[in-house]
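Q: Turn this into a model:
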Amino acid sequence: MKTKLLVIGLDAVNGSLIRQWASEGVLPNFAALMDGGRTATIHGVDGFFTGSTWPSVLTGTSPARHGIHYLLQLVPGSYRFARPHEAEYIRAPMFWEALSKAGKRSAILDVPLAKLDPDVCGIQTVEWGGHDCIFGFQTSPTDLRADILSHHGRHPVPSDCDKTERTLDGFREFVETLIRGIEAKAALTRDLLLRESWDLLFQVFTETHCVGHQCWHLHDTAHPAHDHEIATVIGDPVQRVYQAIDKAIGDLVEAAGNVPVLVVCPHGMSHSIGTPLLLPQVLSRLGVSVPLPEPPPRPPGPEDIARAVGRRLPGPVKSVIKRLLERPISPGSFGVPTLDVDTTSSRCFVVPNGLMVSGIRLNLAGREPDGIVQPGAEADALCDELARDLLEIQDDRTQAPLVRRVLRTAHLYEGPNLDCLPDLLIEWNDSTAVGTTALNAGTDSRLRASSAKIGTVEVVNRYGRTGEHRVEGLLIASGPGIRDRGEEHTISIFDVAPTIAAALGVRLTTAEGREMSSMIPTAA
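A: Next comes the predicted model:
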């Protein structure tokens, strides 16, 4: 007996780079899988591909069904944000629940944002090594945790990669740690493959996610924050991590034997753009969102005293303190935000939704506590007005439109949890990378935009991340049972779960996606 289906997930991988480097011989194991099977481009979740990607992979449903659009969401009936796992989490069944009911034995390993399922038929690990760690390291059965720690230790990559020191030594250690993390995860997976037979073994590598966020500028020579000196010393961090993944894939395919393999890369990665930072100012200038008044001056406190003392310090000491105070910020460093608008007079407001597509929620009467926009014609008119105004804004750096598309969530999706989501989705033009004050002396870190209605707004980007998500992913199916060869058309992210289930002879009736017959190995 041997494992019937091996699924390897790669978090936030640039599919174009995988294809390019495979064709150039840089990623030989990827190339072998592609040459012996089929590939498809995965189109992610329109408007929500950052926070909802993995919930959509695991359930085969949209955010309007599973209820997750980001890792910070409004608590229903309030203006308070919370992390969704602290309340009811993903509201649609995971695909392995259907496998368990069918008696299929699975090993579900480090799948991002997946809650521990004590009833899984087989085993599960949660966040032994992960990028977005919200639950902590847990296993089912519970004694598996001690077994992993005893044989493999703790995963070497910290859960918060934003703490990377942005220096030569910091980036070098960061990349080497990611590679050690890939090797450790491959060793654990190989151990489990050789220890027992599985109907499904599903392991996800998230180290690709980390390197994309933190090191894209070292890969992309045209990036405003590119540092040629560091890149010359440590090489291309993205390529090095992808090569470590390639080796891990080769090792796991060999350990599994001649079995069907699916490599699932549900969303991508490229340069960061920074323009969402302008949106609160834009809505204020349009008169649809009213910021809270500035708090009254406070009496001098310890910080003021420290600044006064600092002004008397020698120049070199001042420089050190200044660098510490100007350390870059990142999305995870804010904690849970507050809604800094006057809810009694704002017609809409910004809600967290990632850094490529922004979310706007209407202050809707009957839904929000202080709602002032009436559902129906008034809400529709406001959405139309916002779309027109946003599409007229120009990026002063390029003279191109700042916004690519404005989408109505209700026109994209339907489901019982539609009201958990933003009402409008602002898809930003991503043609131009932004610099950051954290790197390269802040080159091109200032963003300016203008239109007849808003005048000019500007902001300085202090985010330390230089790479950000993209909606496109990649699916590779290879091994015995793949009936055809060649390139596949683009498929939906909602098709992944029913395709995995169908490969094991199980019909996933709860999914919105469809089974991709040409990508299904005859493993059952």
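
Q: What is the longest helix belonging to the chain packed up against?
A: In terms of residue count, the longest helix belonging to the chain (DSSP state H) is helix 168-195. Judged by 3 or more CB pairs under 8 Å, 6 or more residues apart in numbering; DSSP states H and E, helix 168-195 is in contact with strand 106-109, helix 143-152, strand 200-205, helix 207-219, helix 228-234, helix 237-256. Using the backbone N, CA and C atoms, a C-beta is placed for each residue, glycine as well.

Q: Deepest-packed of those, please.
A: Comparing the helices and strands packed on helix 168-195 by mean neighbour count (mean count of other CB atoms under 10 Å), helix 207-219 comes out on top with a mean of 27.

Q: That helix versus helix 237-256: what angle between them?
A: For helix 207-219 and helix 237-256, the angle between their directions (axes from the mean of the first three to the mean of the last three CA atoms, to 10 degrees) works out to 150 degrees.

Q: quick one: Ile42 and Thr490, what's the gap?
A: Taking CB to CB, to the nearest Å as the measure, Ile42 falls 8 Å from Thr490.

Q: Pick out whichever of those two has more residues nearby.
A: Neighbours per residue, other CB atoms under 10 Å: of Ile42 and Thr490, the larger number sits with Ile42, 24 against 11.

Q: which residue packs closest to that one, ignoring adjacent ones?
A: Counting by CB to CB, 6 or more residues apart in numbering, Ile42 lies nearest to Gly473, which is 3.4 Å off, once chain neighbours are set aside.

Q: Am I right that that neighbour sits in a helix?
A: No: using DSSP: H, G, I helix; E, B strand; the rest coil, the secondary structure at Gly473 is strand, not a helix.

Q: So it is in contact with Ile18, correct?
A: No: at 10.2 Å, Gly473 does not count as touching Ile18 under the criterion of CB atoms under 8 Å.

Q: got any residues that touch both of those two?
A: Shared contacts of Gly473 and Ile18, defined by CB atoms under 8 Å, 6 or more residues apart in numbering, comprise Cys265.

Q: and the longest helix of the chain, which residues are buried?
A: Residues of helix 168-195 classed as buried by neighbour count (16 or more other CB atoms under 10 Å): 171-172, 174-175, 177-179, 181-186, 188-190, 192-193.

Q: Give me the mean pLDDT for stretch 353-360.
A: Mean pLDDT, stretch 353-360: 95.

Q: for stretch 205-225, same thing?
A: If you average the pLDDT over stretch 205-225, you get 97.

Q: ok, back up a step: and of the helices and strands packed on helix 168-195, who's closest to Ile520?
A: Using CB to CB as the measure, strand 200-205 is the one of the helices and strands packed on helix 168-195 that comes nearest Ile520, at 13.3 Å.

Q: quick one, the closest one and helix 237-256 angle?
A: Orientation note: strand 200-205 sits at an angle of 160 degrees relative to helix 237-256 (the same axes, to 10 degrees).

Q: How about residues contacting strand 200-205?
A: Strand 200-205 is touched from outside by 3-11, 96, 99, 104-112, 122, 182, 185, 189, 192-193, 245, 248, 252, 256, 500, 504, with contacts defined as CB under 8 Å, 6+ apart.

Q: Which strands border it, and is each parallel or antiparallel?
A: Each strand pairing with strand 200-205, determined using DSSP bridges, is listed with its direction: strand 5-10 (parallel), strand 106-109 (parallel).

Q: so what pLDDT did Asp160 get?
A: According to the per-residue confidence, Asp160 scores 84 in pLDDT.

Q: wait, I meant Gly481
A: pLDDT at Gly481 comes out at 80.

Q: My guess is it contacts Val259. True?
A: No: counting by CB under 8 Å, no contact exists between Gly481 and Val259, whose distance comes to 9.0 Å.

Q: Of those two, give the one with the bigger neighbour count.
A: Val259 (21 against 17).

Q: any idea how far that one is from Asn363?
A: When CB to CB is the yardstick, Val259 and Asn363 sit 53 Å from each other.

Q: give the contact list for the spatially closest residue to Arg470 that is not a sequence neighbour.
A: With sequence-adjacent residues excluded and distances taken as CB to CB, 6+ apart, Arg470 is closest to Gly268, at 3.7 Å. Counting by CB under 8 Å, 6+ apart, Gly268 makes contact with Ala12, Val13, Asn14, Gly15, Ser16, His469, Arg470, Val471, Glu472, Gly473, Leu474.

Q: are any of those residues buried, and which?
A: Buried subset of the contacts of Gly268 (neighbour count, 16+ other CB under 10 Å): Ala12, Val13, Asn14, Gly15, His469, Arg470, Val471, Glu472, Gly473, Leu474.

Q: any weak-confidence spans in the stretch 51-200 of the chain?
A: Judged against pLDDT under 70, the low-scoring parts of the stretch 51-200 of the chain cover residues 87.

Q: returning to what we had before: what's the closest of the buried ones among the contacts of Gly268 to Gly274?
A: His469 (13.9 Å).

Q: so what pLDDT did the closest one get?
A: His469 carries a pLDDT value of 95.

Q: Run through the bridge partners of it.
A: Taking DSSP bridges as the rule, His469 bridges to Met269.

Q: what's it in contact with, if anything?
A: Residues in contact with His469 (CB under 8 Å, 6+ apart) are Ala12, Phe49, Thr50, Thr53, His267, Gly268, Met269, Gly354, Leu355, Met356.

Q: try 6 Å
A: Applying CB atoms under 6 Å, 6 or more residues apart in numbering, one finds that His469 lies in contact with Ala12, Thr50, His267, Met356.

Q: One more: Asp444?
A: Pro224, Gly435.

Q: so how far is Arg361 from it?
A: As it turns out, when the distance is counted by CB to CB, Asp444 lies 31 Å from Arg361.

Q: try Ala187
A: Summarising the geometry, the distance separating Ala187 from Arg361, computed by CB to CB, is 45 Å.

Q: Thought Val264 was touching the residue nearest to Ile42, still the case?
A: No: using CB atoms under 6 Å, Gly473 and Val264 do not qualify as a contacting pair, with a distance of 7.7 Å.
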